[in-house]
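J.: Pasting a predicted model and its sequence here:
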Amino acid sequence: MTTESRRLDGNAAAGRLADVFVFDATVVRTRCGTCGTSAPLGHYHVYADGPGMVVRCPTCEKMIMRLAQTPGHTWLDMGGAATLDIGE
Amino acid sequence: MAFVSRGFLGRSGTHRGTGELPPGQYDVGDGFPVLSAGPTPRTATEDWDFTIDGEVAERARWTWQEFRSLPREDVVVDIHCVTKWSKFRTAWSGVSLDTLLAAVDTSAEYAVAVSDGGYTTNLPLEDLVDGRAWIVDRYEGEPLAAEHGGPARLLCPHLYFWKSAKWVRGLRLSSTDEPGFWETLGYHDYGDPWREQRYAGD
């Protein structure tokens, strides 16, 4: 199987994101800080078969977020420079 | 194969595989799982080089052709992934990091392996010498496939396999330890499978 065929969409991250955010993160409009793509987080690309989960922009593939779960901890790195527009 | 002693299956090459499972691991058998944190980089060999820089008197760089003309070693080793699969007697061919590191003058104690696609992983420099690490470009007699890290990857089999960076393009040497991609996200800084150092604090 190729890497591309194992790639998932952002909805695959919904379960883990629900551990972190009080809102449904998959519908949140997310702007990639690298190329400016604006799309619901559920449309972003997820690579979930490594030790952690990596979320990448569907246009430029830059990493916008990564999550890992280790015993007793959830690690969230949002250093990939994305903006989340969280509506009320 | 249970009656054949691992380590006496070939005349050439370095046999280090013990055929023993570290704690918490299972034998994946003939499978070779592919784990990726992003799209597979596909760097053409004519565009590939390998660089050792950072705290060195003078940076060293090899083109693909120069790398391919260095003395080579065949190695047969067991590998252990932090996601719990182990694979016995994997056969690789490449250049020992003893050979590559001999080209630089450094007092650094740490290295960061830097890969195409932005992946990094940190290792103590002493874990990369004395015949314990290689830059490999062949697997089971064939050019290393891109999904397994080709054109070339780091092979440092005494640590969890996330340390054996795919698509490696260089080492950055430093006097300070600089955690890499997974090491900054809750994974262990060193990653010894025999001490089950999976996560920070293990």
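T.: That came in fine, so what should we check first?

J.: Could you measure from the closest residue to A:G33 other than its chain neighbours over to A:A12?
T.: Nearest residue to A:G33, sequence neighbours excluded (C-beta to C-beta, 6 or more residues apart in numbering or on different chains): A:A81, at 3.0 Å. Backbone N, C-alpha and C define where each C-beta goes, glycine included. If you measure A:A81 against A:A12 using C-beta to C-beta, to the nearest Å, the figure is 22 Å.

J.: more crowded one of these two?
T.: When neighbours are counted by other C-beta atoms under 10 Å in any protein chain shown, A:A81 and A:A12 differ, and A:A12 comes out ahead with 18 against 12.

J.: just checking, the residue nearest to A:G33 touches A:I64?
T.: Yes. Counting by C-beta atoms under 8 Å, A:I64 is a contact partner of A:A81 at 7.1 Å.

J.: list residues touching both of these two?
T.: Common neighbours of A:A81 and A:I64 are listed as A:C32, A:G33 (criterion: C-beta atoms under 8 Å, 6 or more residues apart in numbering or on different chains).

J.: give me phi/psi at the residue nearest the centre of chain B?
T.: For chain B, the residue nearest the mean C-alpha position is B:L155 (2.1 Å; C-alpha atoms, centre = their mean). In terms of degrees, to the nearest 10, the main-chain angles of B:L155 are phi -130, psi 110.

J.: Output the contacting helices and strands for the strand ranked longest in chain B.
T.: Looking across chain B with DSSP state E, the single longest strand is strand B:85-96. With contacts defined as 3 or more C-beta pairs under 8 Å, 6 or more residues apart in numbering or on different chains; DSSP states H and E, strand B:85-96 has these neighbours: strand B:26-27, strand B:73-80, strand B:134-139.

J.: mind listing the helices in chain A by residue range?
T.: Per DSSP state H, chain A carries helices over the ranges A:3-6, A:14-18.

J.: looking at these, which one has the lowest mean pLDDT?
T.: Confidence, taken as mean pLDDT, is least for helix A:3-6 of the helices of chain A (a mean of 62).
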